[in-house]
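1. pasted the sequence and its predicted model underneath.
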Amino acid sequence: MRFFVILVVSLITLNLVGCATSPPPPPKLAERLVAPLAPADEMDVFNVQVKFEEKSDLDEGVVQHPAHKIKSYSTIVINVPSNLFETISKKTEVKQDFKTEDFFNVAEQQIEKVLIGKGFRVLSRSKFEAKLRTLRDETRCDINHFDCFRSQVGSEVQPILDDLKKQLDAGEITALKFSDEIQLFKEKFQTSSAGRRRSGEEKELTDISEVIRAAESGNIQADYILQINEFDTNQKLTISSDLRHNQQVRNFIRQHPQISESFNNKTSIISCAVSGASLNAKLIYVKTGEIVWIGEHSLNEFSSKVQEILVELGRRRYVSNSEEINNFVHNQNTYQSRLHRYGKKTHIPNFKYKDALISPIISQGSCNKSAFDARPETRSKLSRQVAKELINTVSVFM
């Protein structure tokens, strides 16, 4: 009996020891999540022609006397004051640049074509230049005489000559001394003709008065003088265009409102440095000296259609929550999260999309950001076009 009790106790003890040393069952974990691959960005681009607002209104820049009727077959000569060449040469800092590159000659030929087409008889300017030289020679005095020489020098020198003459008349200096002093002045100061160029307003008035005199005298006479006052073929301009004024762009922005905030003054305005040309002239009736027509006009590379540009812009559709999805997957793959979500359904967030502006870029043509000297062919085209459009406004009656 005692042996049986001991056996039972031993079996129970062995059973208890065996249960204490066996490992517990492993925990059950959910499968690891894999982040989905984000779809590629979607691009939607289009091209639009940039139109720059034309600030110069040709009609507003021209006026013709309503009571003066310009008759067909009237003779006309084109006059370009020499100071115009000098002014432009100074601007370009290249001596005689305006003449040597023949930009006015190109425009002058265009002017002559328009005038002939309107019924004018255009006279050669070289004939009048020769006549002007003859008239100047006729009015030139002998500078060996004191009064003539005095009239030829500048006004600032005349008092000095007057003082020398007073000294001679008073016997304070000899005739030889007086002659030597005059000779020094002749060598130092440049004399000019009665028709010499002067400064400021006087210069232009003298030039045109001589031309009128030449046009109404002699065998070669002109009914009208076309006076060119300003002709600049190398203007450096900056012009701008706001793409928000383009209907095609406006419709696109309306369809994709998310990009409207990005389409502001910094992105919607296209600014280009361009070259321009301007012409200012007036028509003078020689018989009376009456100004019967005045016109001014300006063009640039875009307003003259010498050049056009296209701009490409659009929108980019992209996944906006990629980082959020990646963070979610990372957090759900930790041990505690996998243990917690075992047997449960876990949904990875869906992709969210946003639209971003594809900023405008020049896709065709040239849009310089800083001022530059235009190419000769561009200047030539501009000069012809501005001359053609302006002179074509002169009304001639049959």
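-> Received it, and whenever you're ready, just let me know what you need. Numbers count the residues shown, from 1 in each chain.

2. who does whichever strand or helix holds V77 pair up with?
-> In the assignment (DSSP states H and E), V77 maps to strand 75-79. For strand 75-79, the paired strands and their directions (DSSP bridges) read strand 121-122 (parallel), strand 224-242 (parallel).

3. and the ones you listed: which comes nearest H297?
-> Nearest to H297, of all the strands paired with strand 75-79, is strand 224-242, at 10.6 Å by CB to CB. Where you see a C-beta, it was placed from the backbone N, CA and C, and this is true even at glycine.

4. quick one, what contacts E216?
-> Counting by CB atoms under 8 Å, 6 or more residues apart in numbering, E216 makes contact with 222, 286-287.

5. one more time with 10 Å
-> E216 makes contact with 222-223, 225, 286-287, 289 under the criterion CB atoms under 10 Å, 6 or more residues apart in numbering.

6. same check, this time on K266
-> Per CB under 10 Å, 6+ apart, neighbours of K266: S359.

7. count of residues packed around D59?
-> Counted by other CB atoms under 10 Å, the residues lying close to D59 total 7.

8. also V249?
-> By other CB under 10 Å, the residues close to V249 number 19.

9. buried residues in the host helix or strand of Q109?
-> Q109 is part of helix 103-117 when elements are defined by DSSP H and E. The neighbour-count check on helix 103-117 (16 or more other CB atoms under 10 Å) flags 103-104, 106-108, 110-112, 114-115 as buried.

10. got it, and stretch 65-72?
-> Neighbour-count burial for stretch 65-72, counted by 16+ other CB under 10 Å, picks out I70.

11. compute the first-to-last residue distance for that stretch.
-> Using CA to CA, to the nearest Å, the end-to-end distance of stretch 65-72 comes to 16 Å.

12. what about it, average pLDDT?
-> For stretch 65-72, the mean pLDDT works out to 93.

13. ok, residues contacting that stretch?
-> 64, 76, 118-121, 223-224, 283, 285, 288, 290-294, 394-398.

14. show me where the stretch 151-300 of the chain has strands.
-> Counting by DSSP state E, counting those that start in this stretch, the stretch 151-300 of the chain has these strands, from start to end: 224-242, 269-285, 290-300.

15. that older thread, report the buried members of the contacts of E216.
-> Looks like the contacts of E216 have 222-223, 225, 286 buried, using 16+ other CB under 10 Å.

16. among these, which two are most distant?
-> Farthest-apart pair in the buried ones among the contacts of E216 is D223 and I225; separation 8.9 Å (CB to CB).

17. what touches both of these two?
-> Residues touching both D223 and I225 (CB under 10 Å, 6+ apart): 76-77, 123, 215-216, 284-286.

18. on that earlier part again, any quick PyMOL command for the buried ones out of the contacts of stretch 65-72?
-> Buried members of these, defined by 16+ other CB under 10 Å, are picked up in PyMOL with:
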select buried, resi 76+118+120+223+224+283+285+292+293+294+394
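
19. got the buried residues for stretch 326-346?
-> Counting neighbours by 16+ other CB under 10 Å, one finds that the buried residues in stretch 326-346 are 328-329, 332, 337-338.

20. and stretch 168-175, by the same measure?
-> Neighbour counts over stretch 168-175 (16+ other CB under 10 Å) mark 168, 173 as buried.

21. can you give me how far that stretch is from the chain middle?
-> The chain centroid and the centroid of stretch 168-175 are separated by 65 Å, computed with CA atoms, centre = their mean, to the nearest Å.

22. in contact with L382, which residues?
-> So L382 contacts 103, 106-107, 232-235, 274-279, 298-301, 303-304, 306, 374 (CB under 10 Å, 6+ apart).

23. ok, now V329?
-> By CB under 10 Å, 6+ apart, V329 lies in contact with 32-36, 346, 348-349.

24. still on that earlier bit, mind saving the C-alpha coords of the helix holding Q109 as CSV?
-> The C-alpha coordinates for helix 103-117 follow below in CSV (Å, rounded to 0.1, in the frame of the first residue of the first chain):
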residue,chain,number,x,y,z
PHE,A,103,19.3,101.7,-92.9
PHE,A,104,17.9,105.0,-94.0
ASN,A,105,18.6,104.3,-97.7
VAL,A,106,16.5,101.1,-97.3
ALA,A,107,13.7,103.0,-95.7
GLU,A,108,13.9,105.9,-98.1
GLN,A,109,13.4,103.6,-101.1
GLN,A,110,10.3,102.2,-99.3
ILE,A,111,9.1,105.7,-98.8
GLU,A,112,9.7,106.5,-102.5
LYS,A,113,7.7,103.4,-103.5
VAL,A,114,4.7,104.5,-101.4
LEU,A,115,4.8,108.1,-102.6
ILE,A,116,5.0,107.0,-106.3
GLY,A,117,2.1,104.5,-105.7
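
25. now it: average pLDDT?
-> The average pLDDT for helix 103-117 rounds to 84.

26. how far is it from where the chain is centred?
-> Taking CA atoms, centre = their mean, one finds helix 103-117 lying 25 Å from the centre of the chain it belongs to.

27. quick one, that helix and strand 224-242 angle?
-> 110 degrees (axes from the mean of the first three to the mean of the last three CA atoms, to 10 degrees).

28. report the inter-axis angle for helix 103-117 versus strand 269-285.
-> 60 degrees.

29. numbering from 20 from now on, please.
-> With the count now opening at 20, the last piece we talked about shows up as helix 122-136.

30. where's Q266 relative to V53, distance?
-> Q266 is 47 Å from V53, where distance means CB to CB, to the nearest Å.

31. meant to ask about H164
-> As judged by CB to CB, H164 and V53 stand 111 Å apart.

32. again, but for F250
-> 75 Å.

33. cool, K47 as well?
-> Taking CB to CB, one finds K47 at 20 Å from V53.

34. next one: stretch 285-296 to chain centre, how far?
-> Relative to the chain's own centre, stretch 285-296 is displaced by 6 Å; criterion: CA atoms, centre = their mean.

35. may I see the buried residues of it?
-> For stretch 285-296, a neighbour-count test (16+ other CB under 10 Å) marks 286-287, 289, 291-296 as buried.

36. nothing else from me, thank you.
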